[in-house]
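>>> Fold the following for me, if possible:
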Amino acid sequence: MNYFHRQVQLWGEETQKKLQTQKIVIIGSGGLGSSIAFALGASGIGEIHMVDFDEVSHHNIHRQIAFKIGDEGKNKALVNVEILQQRCPFVTAIAHNCDFNVWSEKNIEVDLIIDATDNLPTRAEIDKYAKSKSTPWVYGSVEAFHGQVAFIDESSFGDSFKIVDKTPEGIAAPIVMHIASLQSNLALRYLAGLSVKKDKLYYLFFNDEGELVTQKFGLPKS
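This next block holds a predicted model:
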């Protein structure tokens, strides 16, 4: 409890012990995924599965905080897991060097699924899988200077978004960390048993004057 002292001040020892029993999976171990892993891995989540088939590339490093020069060619999930175990000895971190569909066939039971991918078709598959398991998931996306976040429980991702496969625009590191932080806060509140606003899409962007604007929309139910 000394390691988690400042969190225990928030919600007490019993809630902190509850977090130790929770299991999550983070789909994607790049920009969003590594920031989410840093936040939740040091929060006392008992078991964290990291899923990614991709390897670190030189151009990833500026916005994917788990990686450093010299990590090129290493599997992203494996690098994240190594860091998680170094930062918090109380977490069981497991790397899966595969895509989401392969991971889903393993039938690993988790309490929450967190999306850290970069394409809509995979998110549609996550939603389909989550509904089949009656498990909620946290959606997050980021592009240029804007991002989206939602805690999805009963709503239909396929009815809310046009599922297309396109190459993302350019991206800066701070907005990635900002969206990952919002996803992590939603996840942590849910896993700790605190109230979470479900099936509401939060859209955040910087306007031409550099002002941060937040909008929210209800999502249609399945």
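>>> Against which helices or strands is the helix or strand bottoming out on mean pLDDT in the chain packed?
Least confident helix or strand, the chain: helix 157-160 with a mean of 86, by mean pLDDT, DSSP states H and E. When contacts are defined as 3 or more Cβ pairs under 8 Å, 6 or more residues apart in numbering; DSSP states H and E, helix 157-160 sits against helix 120-133. Every C-beta, even on glycine, is put in place using the N, C-alpha and C of the backbone.
>>> what packs against the helix it packs on?
So helix 120-133, by 3+ Cβ pairs under 8 Å, 6+ apart, packs with helix 100-104, strand 112-115, strand 137-143, helix 157-160.
>>> can you rerun that using 10 Å?
Of the remaining helices and strands, those touching helix 120-133 by 3 or more Cβ pairs under 10 Å, 6 or more residues apart in numbering; DSSP states H and E are strand 23-27, helix 100-104, strand 112-115, strand 137-143, strand 146-152, helix 157-160.
>>> tell me the contacts of the spatially most central residue of the chain?
Geometric centre of the chain, nearest residue: I114, 4.1 Å, by Cα atoms, centre = their mean. I114 sits next to 24-28, 32-33, 36-37, 40, 48-49, 126, 137-140, 180, 183-184, 186-187 when contact means Cβ atoms under 10 Å, 6 or more residues apart in numbering.
>>> Now tabulate the helices and strands packed on helix 120-133 in CSV and tack on distance to T92.
Listed next are the helices and strands packed on helix 120-133 as CSV, based on distance: least, Cβ to Cβ, whole Å:
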stretch, distance to T92
strand 23-27, 9
helix 100-104, 16
strand 112-115, 15
strand 137-143, 20
strand 146-152, 24
helix 157-160, 29
